[in-house]
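Enquirer: have a look at this prediction, sequence included:
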Amino acid sequence: MIPVTESTRKRELRHTIMSITSLEKLLRSGSNSRLDKIIRRAQNIDALTSALKAALPAEMAENLISANVHDSGELKLVCSTSAWAARLRFESNALIAAANKAGHAAKACKVTVGHNR
């Protein structure tokens, strides 16, 4: 076991204070802050995923983990298994239409497999 010395404690305290200060600065920044942009992006991804799930049968919707439209117009879907990925690929045209209806400019669709945790 490594002994905890006074200098180790001071270094840990200094690191904690710096971390808290950085976090407070990030939280106090204006509406165009990096954190605000991250939050808006996450909300947009969640809204698109919900819109696409609403356009799918219930069992298929349960296996759609996330959806996002990139600047290139590619609709990227993440689903739970390769079997569901294959089934979602058959729904590409309907999902592109649903994404466009939700206000996104989707032109193509790519389905990948992720893990729903």
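Expert: All right, it came through fine.

Enquirer: mind showing which ranges of the protein have poor pLDDT?
Expert: 1-6, 13-15, 18, 21-23, 25-32, 116-117 (pLDDT under 70).

Enquirer: all the helices of it, in order from the start?
Expert: Secondary structure of the chain (DSSP state H): helices located at 6-28, 34-54, 58-62, 82-90, 92-101.

Enquirer: what's the most buried one of those?
Expert: A comparison of these by mean neighbour count, using mean count of other CB atoms under 10 Å, puts helix 92-101 on top with a mean of 17. All C-beta spots, glycine's among them, are computed from the backbone N, C-alpha and C.

Enquirer: tell me which residue lies nearest the centroid of the chain.
Expert: Centre of the chain computed as the mean C-alpha position; nearest residue by CA atoms, centre = their mean is A42, 5.2 Å away.

Enquirer: ok, S33 to R40 distance?
Expert: 11 Å (CB to CB, to the nearest Å).

Enquirer: sorry, slip of the keys, the one I care about is V78.
Expert: To R40, V78 is 20 Å away according to CB to CB.

Enquirer: circling back: just so I know, which of the helices of the chain lies nearest G73?
Expert: With CB to CB as the criterion, G73 lies closest to helix 92-101 of the helices of the chain, at 9.3 Å.

Enquirer: next, the contact list for L56, please.
Expert: By CB atoms under 8 Å, 6 or more residues apart in numbering, the contact set of L56 is 64, 91, 95.

Enquirer: could those go into CSV alongside distance to S82?
Expert: Output for the contacts of L56, formatted as CSV (distance: CB to CB, whole Å):
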residue, distance to S82
L64, 14
E91, 15
L95, 17
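
Enquirer: closest to H115 out of those residues?
Expert: Distance to H115 across those (CB to CB) is lowest for L64, with 13.3 Å.

Enquirer: what's across from the closest one in the sheet?
Expert: Beta-bridge partners for L64, by DSSP bridges, are C79.

Enquirer: that one and S50 touch, don't they?
Expert: No - applying CB atoms under 8 Å, one finds L64 not in contact with S50, separated by 9.8 Å.
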